[in-house]
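Colleague: Make a model of this:
(2 chains)
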Amino acid sequence: MKYIDGFRNHLAARSITKDIHKLAAELSLKSLEARIMEVCGSHTMSIARYGIRQILPENVRLISGPGCPVCVTDAAYIDAAISLTERDIHIATFGDMLKVPGSSRTLADARGAGGQVHVCYSPLDAVRLAKENPETEIVFLGIGFETTVPPVISIVKRAMTESLKNISILTAFKLVPPALEALAEDKDVAVNGFLLPAHVSAIIGVDVYRGFVHKYRIPSVIAGFEPLDILLGIKGLLEQLEGSRAELVNQYARVVKKQGNRIALNLIHELLQPADASWRGIGTIPRSGLTLREEFSDFDASKKFSISTEGGEPDMRCRCGDVLRGIIFPDECPLFNKECTPLFPVGPCMVSSEGSCAAYYKYSR
Amino acid sequence: MNDIKRILLGHGGGGKLSRDLIDSEIVTRFGTDGPLVGLPDGARLQIGEETLVFSTDSFVVSPLEFPGGDIGKLAVHGTVNDVSVSGAVPMWLSLALIIEEGLEMSVLQRILDSIKEAAEEIGVQVVTGDTKVVAHGQCDRLFINTAGIGRKIPGLNTGVDRIKQGDVLITSGTLGDHGMAIMAARENLTLNNELHSDTGSVHRLVAAAARWADGVKFMRDPTRGGIAAVLGEIVENSSFGIVLKEETIPYNPDARAVAEVLGIDLMHVACEGRMLLICAPDIAGSIIETWRGLPEGAGAGIIGEVTDDRGRVILETLIGGRRMVDIPQGELLPRIC
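Modeller: A predicted model of the protein is given here:
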């Protein structure tokens, strides 16, 4: 805990906050507003948990981005998973997925109706399930960004070593850099600074962002998840805005290395290939997903069971898409804290503990 | 979408779902008049000149034995604590066992010994009981129900309606140890030091506070749902709010480590031997000093204050921000008590 506590030190926080106010005052003289998007859901939670929004100057706004993998999962994907439970196929998944609404139902509803849905803490739990139940088909829900992908696809490696034929993955993996590009291209998204994810960057490294920062000239800082990391990240972005610079800075150098995590990246490259992916509320982003390569198609649930994860219909009144792109704040959605609450979520941003709406609901209503 | 057709695990989590279930199904049938009104920890029953406090609790924890305790200790402490925080001296307990076919006799013996030891230490007597055995698979090894009767301490009249702006909130020690110890045991998380459950009795803490009975406004042992659930419940429909200072809230470093790994807010996590007390500010120092003289109160301190921000529990965070503390929603940790 010593390692964590250092990054929650209140004296240091006060001093950085003072610097932030000073920089913001200078921006304000130039009638500039900092609109910073935190791309990652863990940042969103940490910002809410420590009340960071409340200690920032008025002209520094934090906007939550699409960085919660559960939140950007398409309704069609949930529908596909539910349809598998109706064919006596067992679903294994991280718990957050249970309450995500599909077109009309959730996996929790499917479980209530007799479908077999197992909540796992680790992808290896799914391997164990497959071993213990050789007659049963187990499908693991492959949701996540670059951080979660390697442990999930290690299922394939493990299944090959142990000659397991009854386990597969329904992939809906997402990649952060293509989403950043899509946000930067989107005219409705008015952001002039990116707080880049911590753990995703630990996998993909620093260099992958260079082209993006150079092309769109948006100040970008890779920041850790502790409150001081976030405050330092914000300060770094304000310094760039104040100096009219647009650079890539790695504030989280104690974890994120230039080249990322080679072992994880090699595993991804070995088993997966880029593919277009559908993001809930945003639409299809070219080459922003990953699917299993042809030679591993025995482990690809969508091929093995011939199901499609395209074409679902979420509740049209839900404005998660606008929330994910930072166009509105969660409490500006007409369903927020009315029909849509963490107990009865309408949209995915309210489901996951990392979702923007859930964070807003929990900490700042 | 809000129409729930079946009982969910979250209905037993001690959070909002639990409250909704009790309010809509129990209170409407049994709690419209009499001692159940307002859902106190224990019913106050007047018999002639004497007031008795009566309470019950069931225990379904898994695993049955965990670092720092077992289901037997928990069954004694849980009920004794409910009776105690209702302002009474616990006297008698009932003990009902529901045993799954196949439970090892040695386990049952250990747990019964543990019940005997805990009861003797507190000075409560097990005076009635029941034993049922169900077929394999119809319960998980052993479930226990206890009920307890205590004698009301004269003059110690606590209640949410007595809380006023300016009162202070005291904890008797570190928060969340029990829930995190169970979780660590269940998930096989290895730590530098073994994290122990805080299961214990608060009866001596209550007796100590009773010396300043006039100024003691509220007492509660924060079990399922943690302090967030207790505080959320007392500010609801009240004319006051509560502000907590994060830097003053005591947590065990190992409990914090487990909570970090699992992404859990310790304010939502159960204790089984801690006490929250709200009192007038002038007696807070005396209560804390007396508590600190007892092993179960060694970590006592002020963690917050009653404000005029009605209906809200606010946390002043370590770095100087402010945020709302919400009542936990549904299921947090399965079967911790």
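Colleague: Now stretch A:144-159: average pLDDT?
Modeller: For stretch A:144-159, mean pLDDT rounds to 95.
Colleague: mind listing what's buried in it?
Modeller: Buried residues in stretch A:144-159, counted by 16 or more other Cβ atoms under 10 Å in any protein chain shown: A:144-150, A:152-156, A:158-159. For glycine as for every other residue, the C-beta is placed from the backbone atoms N, C-alpha and C.
Colleague: for the chain, which spans come out with low pLDDT?
Modeller: If you meant another chain, say so; for now it's chain A. Filtered on pLDDT under 70, chain A yields the residue ranges A:1-3, A:311-314, A:353, A:364-365.
Colleague: Can you look at chain B instead?
Modeller: Ranges of chain B meeting pLDDT under 70: B:1-3, B:190-193, B:330-337.
Colleague: could you redo the last one with a cut-off of 80?
Modeller: B:1-6, B:8-10, B:12-16, B:187-194, B:262-263, B:328-337 (pLDDT under 80).
Colleague: Domain boundaries for it, per the record?
Modeller: B:41-152, B:160-324 (automatic domain parsing).
Colleague: now the end-to-end length of the longest one.
Modeller: Between the start and the finish of domain B:160-324 there is a gap of 20 Å, counting by Cα to Cα, to the nearest Å.
Colleague: Contact partners for the closest residue to chain B within the stretch 51-200 of chain A?
Modeller: Per Cβ to the nearest Cβ, the residue of the stretch 51-200 of chain A with the smallest distance to chain B is A:Gly51, at 2.3 Å. By Cβ atoms under 8 Å, 6 or more residues apart in numbering or on different chains, A:Gly51 lies in contact with A:363, B:315-317, B:319-323.
Colleague: would a markdown table of those residues with neighbour count, distance to B:Ile302 and secondary structure be doable?
Modeller: Formatted as a markdown table, those follow (neighbours: other Cβ atoms under 10 Å in any protein chain shown; distance: Cβ to Cβ, whole Å; DSSP: H, G, I helix; E, B strand; the rest coil):
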| residue | neighbour count | distance to B:Ile302 | secondary structure |
| --- | --- | --- | --- |
| A:Tyr363 | 24 | 23 | helix |
| B:Leu315 | 24 | 15 | strand |
| B:Glu316 | 17 | 13 | strand |
| B:Thr317 | 24 | 17 | coil |
| B:Ile319 | 26 | 21 | coil |
| B:Gly320 | 18 | 19 | coil |
| B:Gly321 | 23 | 21 | coil |
| B:Arg322 | 16 | 18 | strand |
| B:Arg323 | 23 | 20 | strand |
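Colleague: Turn those into TSV, including distance to A:Arg293.
Modeller: Shown next, in TSV, are the contacts of A:Gly51 (distance: Cβ to Cβ, whole Å):
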residue	distance to A:Arg293
A:Tyr363	42
B:Leu315	48
B:Glu316	52
B:Thr317	46
B:Ile319	45
B:Gly320	50
B:Gly321	46
B:Arg322	50
B:Arg323	45
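Colleague: All the helices of chain B, in order from the start?
Modeller: Ranges of helices within chain B are B:16-21, B:28-30, B:71-85, B:105-122, B:177-187, B:203-209, B:226-235, B:253-262, B:281-292, based on DSSP state H.
Colleague: Turn these into JSON lines, including mean neighbour count and distance to B:Asn145.
Modeller: What follows is the helices of chain B, written out as JSON lines (neighbours: other Cβ atoms under 10 Å in any protein chain shown; distance: least, Cβ to Cβ, whole Å):
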{"stretch": "helix B:16-21", "mean neighbour count": "19", "distance to B:Asn145": "18"}
{"stretch": "helix B:28-30", "mean neighbour count": "10", "distance to B:Asn145": "18"}
{"stretch": "helix B:71-85", "mean neighbour count": "29", "distance to B:Asn145": "8"}
{"stretch": "helix B:105-122", "mean neighbour count": "16", "distance to B:Asn145": "12"}
{"stretch": "helix B:177-187", "mean neighbour count": "25", "distance to B:Asn145": "19"}
{"stretch": "helix B:203-209", "mean neighbour count": "23", "distance to B:Asn145": "20"}
{"stretch": "helix B:226-235", "mean neighbour count": "24", "distance to B:Asn145": "22"}
{"stretch": "helix B:253-262", "mean neighbour count": "19", "distance to B:Asn145": "28"}
{"stretch": "helix B:281-292", "mean neighbour count": "17", "distance to B:Asn145": "30"}
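Colleague: Which among those is found nearest to chain A?
Modeller: Comparison of the helices of chain B against chain A by Cβ to the nearest Cβ identifies helix B:253-262 as nearest, at 5.1 Å.
Colleague: Nearest to chain A within chain B, name that residue for me.
Modeller: Per Cβ to the nearest Cβ, B:Gly321 is where chain B lies closest to chain A, at 2.3 Å.
Colleague: re earlier: which of the buried residues of stretch A:144-159 fall in helices?
Modeller: Checking the buried residues of stretch A:144-159 against DSSP H, those in helices are A:149-150, A:152-156, A:158-159.
Colleague: Identify, from these, the entry nearest to A:Ser64.
Modeller: A:Val149 (22.2 Å; Cβ to Cβ).
Colleague: If we ignore the residues flanking it in sequence, what's nearest the closest one?
Modeller: Spatial nearest neighbour of A:Val149, chain neighbours left out: A:Phe173 (5.1 Å); criterion: Cβ to Cβ, 6 or more residues apart in numbering or on different chains.
Colleague: Over to B:Leu45?
Modeller: Nearest to B:Leu45 is B:Leu52, by Cβ to Cβ, 6+ apart, at 4.8 Å.
Colleague: List the contacts of the one you found.
Modeller: B:44-45, B:88, B:149-152.
Colleague: hmm, try it at 10 Å
Modeller: B:42-46, B:83, B:88, B:91-92, B:149-152 (Cβ atoms under 10 Å, 6 or more residues apart in numbering or on different chains).
Colleague: For the stretch 101-250 of chain A, which residue gets nearest to chain B?
Modeller: For the stretch 101-250 of chain A, Cβ to the nearest Cβ, closest residue to chain B: A:Pro227, 4.7 Å.
Colleague: Compute the number of surrounding residues for that residue.
Modeller: 27 (other Cβ atoms under 10 Å in any protein chain shown).
Colleague: one step back: can the helices of chain B go into a markdown table with extra columns for distance to chain A?
Modeller: A markdown table is the format used below for the helices of chain B (distance: least, Cβ to the nearest Cβ, whole Å):
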| stretch | distance to chain A |
| --- | --- |
| helix B:16-21 | 7 |
| helix B:28-30 | 20 |
| helix B:71-85 | 23 |
| helix B:105-122 | 25 |
| helix B:177-187 | 7 |
| helix B:203-209 | 28 |
| helix B:226-235 | 10 |
| helix B:253-262 | 5 |
| helix B:281-292 | 23 |
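Colleague: And these: which comes nearest B:Gln165?
Modeller: That would be, of the helices of chain B and by Cβ to Cβ, helix B:281-292, which comes in at 10.7 Å.
Colleague: For B:Thr223, see how far away B:Leu195 is.
Modeller: Look at B:Leu195 and B:Thr223: by Cβ to Cβ, to the nearest Å, they are 18 Å apart.
Colleague: what's the answer for A:Pro101, then?
Modeller: A:Pro101 is 32 Å from B:Thr223, by Cβ to Cβ.
Colleague: From chain B, how far off is A:Met329?
Modeller: Quick fix: residue A:329 reads Phe, not Met. 16 Å (Cβ to the nearest Cβ, to the nearest Å).
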